[in-house]
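Asker: Okay, here's the prediction I keep looking at, along with the sequence it came from:
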Amino acid sequence: MPWSTTSESSFGFVPMSESSSRKKRARAHDEGDGVEDTYKKRPRAQEKAQRPLLPLKTEEGFVQRFAPPDESDQESDADTESSQVVAETTSEPTEVAPVSVVELMAERRRILRSLKERVATLSLAVSSDPEGSTSQLRELRHLSLSREVPPSGAKIVILSLKEVFLDLIPGYRVRELTEEEKKQRVKKELRSRRDFEETLLKQYRLFLQALEAHVRGKFYSSLGEPVRSELRLLATKCLSELIVRHHEFNYSSNILSVLVPLMKEKDERVSETACAAMQELFSKDRLGEVSLEAVRLISRMVKADVWKTKRRALDTLLWLHIEEANSADKREDDKEKKATLSKRQRKMQKEKEQLEQDMAGSELQNRQAERARLHTRIMDAIFWTYFRILKRTPTSPLLASVLEGLAQFAHFINVDFLDDLIDVLESLVESQTLSVVDQLHCLLAVLGILSGPGSALTIDPQRLYRRLYALLPRVSVTCSDSEVRLVLQCVDSLLIQRKKKVSVGPLLAFIKRLATSCLQQSSPGAIATLLAIRMLLTLHPQTELLFDCDREEGSLYNAELPDPDHCSASGACLWELPLLRKHFDPQVRNAAKLVTSSNITAIGELATKHPAYLFDELSAVEHTAQLKAAARSGKKVAKGHRPLSEQFQKLCHRVEGQCNTDAVDFSALFRPHGRTQQLASTRDLRRLSQ
């Protein structure tokens, strides 16, 4: 039965007073329902789910416990509520009081001081207990990515993180675990070690990504370029130190992919830092795995744009220590030998190699074989880069580095390519478009090839003699150390090491021209050249006729001719030695006296040193003295150049440009009559010959 019929039949009519009171109560009830509805529609604070803890056993039974809510969540809720209240109560914007510069500096110092304390605390915690302080490591890494940290504070965090990782990184490569290995039950210590390695690997990867972002300039984009350049330089230094000290650890190829493009950066500081890191890496990497990756990246960079690549980037390849590479001839011989064997013989040889590998020290042998394989691939990549530059861009600024590299690694070149390579180098020298340094590099490269695998080739070296003889007068006091050192290396390779293949005529001409070049060189160059002259005089006793000035028979010496075979060097005399004995430098005077001395004890260590090495030592000593003098005077001295005054340099260049050597008649200085009156120092020469 419906609720309306029952109410009417049960209660009938209602009196007026009761009906009015009921209406008031109904109206009040309706108003109450509206208030409740509005209250229900109000947003409520979400209740935090409590984390259950282990139950506690008491006398009455087990009592379930719950963890209290986090204080950070309560503080955040309180902050949101307070912010809502403030937003509701304050509708008008508040005026900010002006702050002075002194207050800003004080606040900045306070922030940096607190950041330093926090970083020091986290770093100390991680260093003292690495496996138990992974959360501190994570927090320290988060600080390096925080945009609230100022740039000066970011430098502190990056440097601290770099030192922490240098201490934590092990000396082996961490292998990532598979899913099956993660599910296996292991001991607690092993599980703890795996978790630490996984956390370390993750944080290290994120730190490297942050350094890469600083290198790309993605952080602090709103600030100026000086701030970003300083952070880029700092990130480059951190990456360089990480790859040098831990090149066997994970992500080494990723670091190289960031560092190698920086070698051609416009910023000289960044470029020098990256190149110095590559040099140190090549000198320390004995196996060659990381070096192979770096060489391939450098080759790709040169291939992409050879004109933007700096020479110092290609010079880093000269720091490689390649000793066990298999030459192309040996590999081809092995292939031909295997091809001639029958199927049964190849099977027996394979079994024999397997038995030898098992019987001998397998680990050491495998390591040596792996090193030889990697070094072979490195040399293939290097020669591919060198030949590409020689063929396509022979006028590029990288030519000097290519020639120096060919001279250093010439003994790894296949003999089949030596004839073509020598023809290319000789054509470059005869083109007259190269500088003195490049021509000397070409000569040194050809001599290196002929002294190595090209010793069996039948090549006439007379063109090399003439070219080196023509280049000697161009080495003066204004030349750099590299030119003097290259001349000494060429003299050693062409005249000293090939002493049995040099005739007397060209040898006399070279000694005479070397003595003349001593008069226009610096003190280290003159001493090293005099040592080379003494070595030539000792190896060839027949050259003593240069000290005889009273010879009446024979032709006159012609210093103008560029050919050492036709200049009649047998009629020359070493009048330069008495002049060098009056040199302003006492070391040069002593070296000039020791040229004709037969007393080994008087010569001392000079008799056992190579001229090029002696020149390097003397140049380093002189450069140190120049730096000390420059520090007192407040001037800078460029490395590799002599401290000449600007007026003297201008005078030398002006005289050199105005002087016409073709119009000078040197034969007028050597008249056929009265040879004893040709030179004022004939008595000194006699004394030297005695």
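Answerer: Nice, thanks for sending it over.
Asker: Show me where the stretch 251-400 of the chain has its helices.
Answerer: Per DSSP state H, counting those that start in this stretch, the stretch 251-400 of the chain carries helices over the ranges 252-259, 268-284, 289-304, 311-315, 328-340, 343-359, 362-392, 399-408.
Asker: tell me which residues of the second one are tucked away?
Answerer: Okay, so that is helix 268-284. V270, S271, T273, A274, C275, A277, M278, Q279, E280, L281, F282 (16 or more other CB atoms under 10 Å). For every residue, glycine as well, the C-beta is placed using N, CA and C.
Asker: any idea how far E103 is from the third one?
Answerer: Separation of T273 from E103 (CB to CB, to the nearest Å) stands at 38 Å.
Asker: try the fourth one
Answerer: According to CB to CB, A274 and E103 sit 42 Å apart.
Asker: Same check on L231?
Answerer: From L231 over to E103 (counting by CB to CB), the distance is 27 Å.
Asker: ok, now W307?
Answerer: W307 is 53 Å from E103, by CB to CB.
Asker: just T58 next, same as before
Answerer: 58 Å.
Asker: And I496, by the same measure?
Answerer: Separation of I496 from E103 (CB to CB): 75 Å.
Asker: where does the stretch 101-250 of the chain have low pLDDT?
Answerer: By pLDDT under 70, the low-scoring segments of the stretch 101-250 of the chain are 221-222.
Asker: quick revisit: what two of the buried residues of helix 268-284 are the furthest from one another?
Answerer: Within these, V270 and F282 form the most distant pair, 19.1 Å apart (CB to CB).
Asker: Same drill for L231 and E103, tell me which one is more crowded.
Answerer: With neighbours defined as other CB atoms under 10 Å, L231 and E103 compare such that L231 has more, 22 against 10.
Asker: Report the contact partners of that one.
Answerer: P151, A154, K155, H214, F219, Y220 (CB atoms under 8 Å, 6 or more residues apart in numbering).
Asker: Filter those residues down to the buried ones.
Answerer: Buried by 16+ other CB under 10 Å: A154, K155, H214, F219, out of the contacts of L231.
Asker: does the first one sit in a helix or strand, and which one?
Answerer: Counting by DSSP states H and E, the secondary-structure element that holds A154 is helix 151-168.
Asker: need the next SSE after that helix, C-terminal direction.
Answerer: helix 179-183.
Asker: export that following helix as PDB, just CAs?
Answerer: Output in PDB follows, covering the C-alpha atoms of helix 179-183 (Å, rounded to 0.1, in the frame of the first residue of the first chain):
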ATOM      1  CA  GLU A 179      66.900 -10.200 -15.200                       C
ATOM      2  CA  GLU A 180      67.700 -13.800 -14.300                       C
ATOM      3  CA  GLU A 181      70.800 -12.800 -12.300                       C
ATOM      4  CA  LYS A 182      68.700 -10.200 -10.400                       C
ATOM      5  CA  LYS A 183      66.100 -12.900  -9.400                       C
END
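Asker: That helix: how far from the chain's middle?
Answerer: Distance of helix 179-183 from the chain centroid (CA atoms, centre = their mean, to the nearest Å) equals 40 Å.
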